[in-house]
Structures are given as structure tokens and as C-alpha cells.
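Asker: Okay, sequence plus prediction incoming.
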Amino acid sequence: MQGHFALILHAHLPFVRHPEHEKFLEENWLFEAITETYLPLLQIMERWQNDAMQTRLTICLSPPLCAMLLDPMLQDRYVRHLDGLIELAESEIHRTHWDPAYRELAWMYHHRFTGLRETYFDYGRNLAGAFRRFQEDGLLEIATCAATHALLPLLAGDPPSLRAQIMVARDYHRACFGRDPRGIWLPECAFDEGIVEVLQEANIRWFVTETHGLLHARPRPRYGVFAPVFTPNGVAAFGRDFESARQVWSKQQGYPGDFRYRDFYRDVGFDLDLDYVKPYLPATGKQGFTGIKYHRITGPTLDKQVYDRAAALRAADEHAAHFLRARVEQFHKLGAIMDRPPIVVSPYDAELFGHWWYEGPEFLNLFVRKAYYDQQAFTFITPGEYLRRYPTQQVATPAASSWGEEGYWRVWLNESNEWIYPHLRLAQARMTELAERFSGANGLTGRALRQAARELLLAQASDWPFILRTGTSPDYAARRVKDHLWRFLELHRQLTAGEIDEPWLAQVEQADNIFPNIDCRYWARLPAS
């Protein structure tokens, strides 16, 4: 009995766009992810297609990420960023002329960056369109996410805001990919049963939940996480497989920690003279990451050895083979105890592959190729395809859960970020009032209403409380929450007073230009049934 393997990648970044600055540090989050994850993934899928491999991959492209990938200003800035990397690599080829190990790596980066630039222009600088093409060819299923990656269980007490997060995402996905999404990645895999009714309204057919969310479903699932369940509303819940997740994510046992892989934190932006690297840094006058890194992990020491690309690729090959053997063994065990083909669902953050784990794309490529040609225990499948093949499943309600710390919402609601939520609750109530009071508004009033909706959505993003919790860029995260809330409150004041400042509104529309055709009716309270 052959099983099925669903590899799911969640691609998301917070909406960062600052036209008021020529260069902005946090915009590099997007540029790094394009260079190290999204373009390499597209190159790999292109090779699979050229080799006539009927692979099946699922990727969630969040609405904020799609908006940034499609933004002409950010596209221009990415080209500038990539041209700078190529120029820096050329300088490094000359600087390292008498050091063969480093010079070879400089040439590697130069070759890689120029190839990525060619790929970017081959796709017309439209990476959302590139992923759309693979979906239209039947090799990919693209899922959506909440509109701005809000933690949905924290909105369960405010049905209009919960509804808006999902329905706005559905509409924007349709605009980007020409069809409605069949699946959704619940931000942070955070589930509460109050979410399902809105998923049903949006015609979402499936979502992924954390392992314990499915295992603690009511009633208990007969097949554990190796088959989905249908919620009472008819939306399918797929559970994350713990074993395959541990082999990649575990700090102690995960593949990315192998000493042969490239070290993420050691970068020429910190190692070399500031005046030399200054033109290529994301923020003027401050040392930072450039993307050119010459050292491998080596071990828990500051003394890092030079990166050996060939050794790193051998490690990726070994780990891909090990991952395949583990999956085959897993399917053999499951096949011996199940009376139906099992499905193993392995969801990961897409940016793990390439950005955090530089050799991650090579690992994925090698694993998929080995699995496609060298075994018969399982086939690749997407959740949507699985439900078409197996439309009969157990009915159960998953438990409240997330894949964050302690399995619930502690990361996004704690002493470092709790101050956000009283302000959000007030803004959410006011947005519903505006949506009902100015229903059907057009002209300047309609523009102000739509911008108020955008500002509220951007303030609700789970990225900001997450960053406040981790402490990576807390000042920026706090400023973003406050800026969006202040803009919302000012728009609310102008709308209720009937005194809209059109020049100021135009400036805000230019800065926060996400969701151009947003429908504010989603914030209105539905009539009681």
C-alpha cells in the first residue's frame, strides 16, 4: 500500500515598504529571501519540470509577501540590491586574488548572483506570476494565509475583524493567481474552532494544524496525524508530522546544524572594513549582512573554518538520503497498521531553505529527486489533491493550538507585547462602526475608509508581537504598530468629522498601498440568523 507525502512551504514576510527612504534596513528582509529562497526554489522547480518530473509541492504565499513581490518600487530596489551584490562579488574576486580558498568562494557568489539576476528578469521580475505558472501546469498548489498574518485565535472575540482577515486574503489571492485558494496556512498554525465558520464562508477546503491540535481533537482521530479530519463545517484539518519536523527543525538533531554547512552569522559586512562594504550595506553607516559569507558552522566556537562548498553539498546529499530512508521506513510502519494509505504532512517555513539554511534548496532538490526515482513507498501529493482522491474522512474538531512556544499563543501574547491588544480592540470596534456608517461610500470618503481598513490590518500582523517577544528589532516593531494605529485613528477622526485631508491621505495611500481593491463591507456585523 503506497502512502502520500505532502511537503508544504509557508512563505511569508511582514509588509515593509518605505518610499520615504532611499534605503531601509528592514526592506532587506525581502531582498534576502528573494535571493536565498524564492529564486533558488523557482530554479529548482524549473529543473524538475524540464526533467518531466511530476512532482507535487504546496506553497503558501502570504498576501503581504505577494504585495511586495508585485510592487514596482520594491522590484526596482531589489534589482539595485542584486546589482550591488554582483559588484561586491567582483570586488571580492580581486581582493582575494592571493587567497585561493576565499577567491573560489567569491567566484561562487558572483556566478550565483548573476544567475539569479538572469532568472529574475526571465520571469519579468514577477515572482508571484512565476509561482502561478507552476500552479497552472499542475506541479504546485498555492495556498493563502490571513490578510496580514494576524494570529486568528486572538481575533475570535471580534467576528468582523476575523472575517475581514480571511475574506480580504481570499480576494487578494484571487487577484494574484486567477483562482480562489483551496487551502490556507493559519498564521503560526494557530487554530481555534471559532475560525472554521469563516473558512467555510471563504470556501477554504483545508488548513494545517500543529500535531497536538489534531491529536487532541474531539473525538480523537482514529489515524492520528496520518489522515486529515473534517471539521463539522466540512473544512479539512491536516496535522503536522512530528518526526519529519524534528529531523529538520531540532536544535540538537536537525540537519541545518551540521558543522559543514555555511554559517549564517559570519558575514563580510561585519568582517571587513566599513568603508569598503558601506555601499552594499542595507543601512547607511551601520555594519550588517551583505549575503557574502565565507565560513562554515564549524562548531560552538568563534573560530570558524573556511566554507567548503563541495563538503556542504555532500552533507546535503547525505541528509537528503537519510531523510528519504526515514520516510520510507515510516511509511512501511504505517502501512502495516493502517487500513488506508497514510499521508505524512511536513510543513516548514520556506525561508528556512536557503536563507537560514543556505544548502536547504539543494537538500530539497536532492530529496525530491531521490524520492521520485528511487522508492515506491510513497508519492508526493498536495492537500487539495488528497481530498479529491479521498473525499471521506472522520469528522472531528481540532483542539486550540499553535506551533509556537508551549503550543498555544504565548509568543504573541505576553508581558513584552500585551500593550498592543487593548489598542487593537478599540480600533477594531471603530472600524466596524465606520464600515456600517459609510457603507457604499465612494470618492474621497471611500478612499479614506479603505485606507483605514489597510492600517488596521497592518497593525494586526502577528510579526510585530513576535519581534517584540524575540527582541530582534523591537523598536521597529513597536513603531510599526503605533504608526498604523495612529494613522487609523486619524482617519477615523477625519471620517467622523467629515474633514478629510486629501494631500495627507494620498501620502498614506502611497506608503501603505497594500490591497488596492479592499472591500470594507467585511467589517460590518452580519445580521443575526
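Answerer: Cool, the structure landed.

Asker: Give me the packing partners of the helix or strand of the chain with the lowest mean pLDDT, helices and strands only.
Answerer: Taking mean pLDDT, DSSP states H and E as the measure, the chain has helix 242-249 as its least confident helix or strand, at a mean of 88. Helix 242-249 sits against helix 309-337, strand 343-349, with contacts defined as 3 or more CB pairs under 8 Å, 6 or more residues apart in numbering; DSSP states H and E. In short, each C-beta sits where N, CA and C put it, glycine included.

Asker: Tell me what angle that helix forms with helix 309-337.
Answerer: On the basis of axes from the mean of the first three to the mean of the last three CA atoms, to 10 degrees, helix 242-249 is oriented at 170 degrees to helix 309-337.

Asker: quick check: longest strand of the protein.
Answerer: strand 3-11 (DSSP state E).

Asker: Next secondary structure after it?
Answerer: helix 28-33 (DSSP states H and E).

Asker: How far off centre is the very next helix or strand once past that following helix?
Answerer: Going down the chain from helix 28-33, the next helix or strand is helix 39-50, by DSSP H and E. Centre-to-centre, helix 39-50 and its host chain are 19 Å apart (CA atoms, centre = their mean, to the nearest Å).

Asker: With stretch 164-178 instead?
Answerer: Here stretch 164-178 is found 16 Å from its chain centre; the criterion is CA atoms, centre = their mean.

Asker: Report the rounded mean pLDDT for it.
Answerer: Mean per-residue pLDDT for stretch 164-178: 98.

Asker: Stretch 522-529 now?
Answerer: Rounded mean pLDDT across stretch 522-529 is 79.

Asker: Report the buried residues of that stretch.
Answerer: Y522, W523, A524 (16 or more other CB atoms under 10 Å).

Asker: Give me the neighbour count for the nearest residue to Q75 once chain neighbours are set aside.
Answerer: Spatially, and ignoring its direct neighbours in sequence, Q75 is nearest to R125 (4.7 Å; CB to CB, 6 or more residues apart in numbering). R125 has 17 neighbouring residues, counting by other CB atoms under 10 Å.

Asker: Contacts only, for R125.
Answerer: Applying CB atoms under 8 Å, 6 or more residues apart in numbering to R125 gives the contacts Q75, Y78, V79.

Asker: cool, G115 as well?
Answerer: Q43.

Asker: Can you give me the distance of it to Q54?
Answerer: 26 Å (CB to CB, to the nearest Å).

Asker: Now do the contacts for the residue nearest to I292 when sequence neighbours are not counted.
Answerer: What sits nearest to I292 in space, not counting adjacent residues and going by CB to CB, 6+ apart, is V268, at 4.8 Å. Contact partners of V268, counting by CB under 8 Å, 6+ apart, are L88, E92, V277, T290, I292, K293, Y294.

Asker: just those now: which is nearest R480?
Answerer: The nearest member of those to R480, counting by CB to CB, is T290 at 24.7 Å.

Asker: Which residue, other than its chain neighbours, is closest to L9?
Answerer: Per CB to CB, 6+ apart, closest to L9 is A350, 3.9 Å.

Asker: my read: that neighbour touches T58, true?
Answerer: No - when contacts are counted by CB atoms under 8 Å, A350 is not listed as touching T58 (10.8 Å).

Asker: so is L426 in a helix, a strand, or just coil?
Answerer: For L426, the assignment made with DSSP: H, G, I helix; E, B strand; the rest coil gives helix.

Asker: Apologies, that question was intended for C60.
Answerer: C60 ends up strand, using three-state DSSP.

Asker: Tell me what it is bridged to.
Answerer: H10, A143 (DSSP bridges).

Asker: Give me the neighbour count for it.
Answerer: Neighbours of C60 under the rule other CB under 10 Å: 26.

Asker: list the contacts for it?
Answerer: Per CB under 8 Å, 6+ apart, neighbours of C60: I8, L9, H10, A11, H12, I142, A143, T144, C145, G183, I184, W185.

Asker: Output stretch 109-124 in PDB, but only the C-alpha positions, please.
Answerer: The C-alpha atoms that make up stretch 109-124 are tabulated as PDB, following Å, rounded to 0.1, in the frame of the first residue of the first chain:
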ATOM      1  CA  TYR A 109      28.900  34.100  -5.200                       C
ATOM      2  CA  HIS A 110      29.500  36.000  -8.400                       C
ATOM      3  CA  HIS A 111      28.200  33.100 -10.500                       C
ATOM      4  CA  ARG A 112      25.200  32.600  -8.200                       C
ATOM      5  CA  PHE A 113      24.200  36.200  -8.200                       C
ATOM      6  CA  THR A 114      24.500  36.700 -11.900                       C
ATOM      7  CA  GLY A 115      22.400  33.500 -12.400                       C
ATOM      8  CA  LEU A 116      19.700  34.800 -10.000                       C
ATOM      9  CA  ARG A 117      19.600  38.100 -11.800                       C
ATOM     10  CA  GLU A 118      19.100  36.300 -15.100                       C
ATOM     11  CA  THR A 119      16.300  34.200 -13.600                       C
ATOM     12  CA  TYR A 120      14.600  37.300 -12.100                       C
ATOM     13  CA  PHE A 121      14.400  39.000 -15.400                       C
ATOM     14  CA  ASP A 122      13.400  35.800 -17.200                       C
ATOM     15  CA  TYR A 123      10.300  35.900 -15.000                       C
ATOM     16  CA  GLY A 124       9.700  39.500 -15.800                       C
END
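
Asker: rewinding a little: kindly reformat the contacts of V268 as TSV containing secondary structure.
Answerer: Conversion of those to TSV gives the following (three-state DSSP):
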residue	secondary structure
L88	helix
E92	helix
V277	helix
T290	coil
I292	coil
K293	coil
Y294	coil
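
Asker: Tabulate these (JSON lines), appending pLDDT and neighbour count.
Answerer: Formatted as JSON lines, the contacts of V268 follow (pLDDT from 0 to 100; neighbours: other CB atoms under 10 Å):
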{"residue": "L88", "pLDDT": "97", "neighbour count": "26"}
{"residue": "E92", "pLDDT": "97", "neighbour count": "23"}
{"residue": "V277", "pLDDT": "93", "neighbour count": "20"}
{"residue": "T290", "pLDDT": "94", "neighbour count": "25"}
{"residue": "I292", "pLDDT": "97", "neighbour count": "23"}
{"residue": "K293", "pLDDT": "97", "neighbour count": "22"}
{"residue": "Y294", "pLDDT": "97", "neighbour count": "22"}
